[in-house]
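Q: How does the following fold in three dimensions:
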Amino acid sequence: MPKIETDPEYVFRANQRGDQFLRISLLVDLPALPAMNKLFVGGEILGGYMRFLSSSIAIGGDISFGFNGTVGSNSLILVPMVFKFMYQPVAGKFEFPFILGVGGIFETYLDRTYFGPVFKPEAGVFFRITADWSIGLTGGCLIMPQWYKDTSYNYTGIIPDVGLAARYHF
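A: Numbering: from 1, shown residues only. Purely as a prediction, here's the structure:
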């Protein structure tokens with residue numbers, strides 16, 4: 001019987017340098033500041049992209065569109081654009097992303113629009129269904145400082161979110 005030779009350099013990993021994925025998420029926003037008696041539970045849709053620098057480190061970004069109802073039946077509209085750094089350990093078919101994001105956010109309420117910095121830490125758990133698809137649960141928190149010339153108006157909004165996500169790996 002002939003001997004079959006294999007390449008000893010080949011190692012299978014769920015993710016390798018150069019791998020990429022697209023993500024879409026549907027999230028529920030649960031306001032902490034301002035409190036829920038002023039800003040109600042809202043929703044958010046997110047689209048993002050990540051590229052692996054190694055088997056567990058990736059960079060990328062996302063943009064999302066969120067809304068929350070307010071007292072008086074008005075709406076707060078949020079559009080964050082975030083650059084992200086991700087560390088993702090893998091255990092079998094499960095992936096555990098830990099993400100730090102920083103960027104800018106447009107906030108619109110009534111006739112006021114504000115653009116400022118935003119920070120978004122996230123964590124999640126994903127199950128790799130196939131080599132191309134994974135689904136999972138995510139949780140994060142939008143931290144939105146607002147700085148004004150009159151510092152008595154300075155404020156930091158905090159809106160945690162939880163949701164479902166799908167990722168297409170290529």
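Q: Could you use CA atoms for every contact and neighbour count after this?
A: Noted.
Q: Moving C-terminal from the strand ranked longest in the chain, which element do we reach first?
A: When the chain is parsed with DSSP state E, its longest strand is strand 112-128. Once strand 112-128 ends, the next helix or strand along the chain (criterion: DSSP states H and E) is strand 133-146.
Q: Mind listing the strands that next one pairs with, and their directions?
A: Sheet pairing of strand 133-146 (DSSP bridges) gives strand 112-128 (antiparallel), strand 155-169 (antiparallel).
Q: picking that back up, name the residues of the longest strand of the chain that are buried.
A: Neighbour-count burial for strand 112-128, counted by 16 or more other Cα atoms under 10 Å, picks out 117-128.
Q: Next: stretch 92-99.
A: For stretch 92-99, by 16+ other Cα under 10 Å, it's 94-99.
Q: What mean pLDDT does that stretch get?
A: Stretch 92-99 carries an average pLDDT of 97.
Q: Any regions of this protein where pLDDT drops low?
A: 1-12 (pLDDT under 70).
Q: can you pull up the bridge partners for the residue nearest the centre of it?
A: Centroid-nearest residue in the chain: residue 122, 6.1 Å away (criterion: Cα atoms, centre = their mean). Beta-bridge pairing for residue 122 (DSSP bridges): residue 99, residue 140.
Q: My read is that it contacts residue 141, right?
A: Yes: counting by Cα atoms under 8 Å, residue 122 touches residue 141, with 6.7 Å between them.
Q: Apart from its chain neighbours, what residue comes closest to residue 121?
A: residue 100 (4.5 Å; Cα to Cα, 6 or more residues apart in numbering).
Q: Surely the one you found and residue 86 touch.
A: Yes: if you go by Cα under 8 Å, residue 100 and residue 86 touch, sitting 6.6 Å apart.
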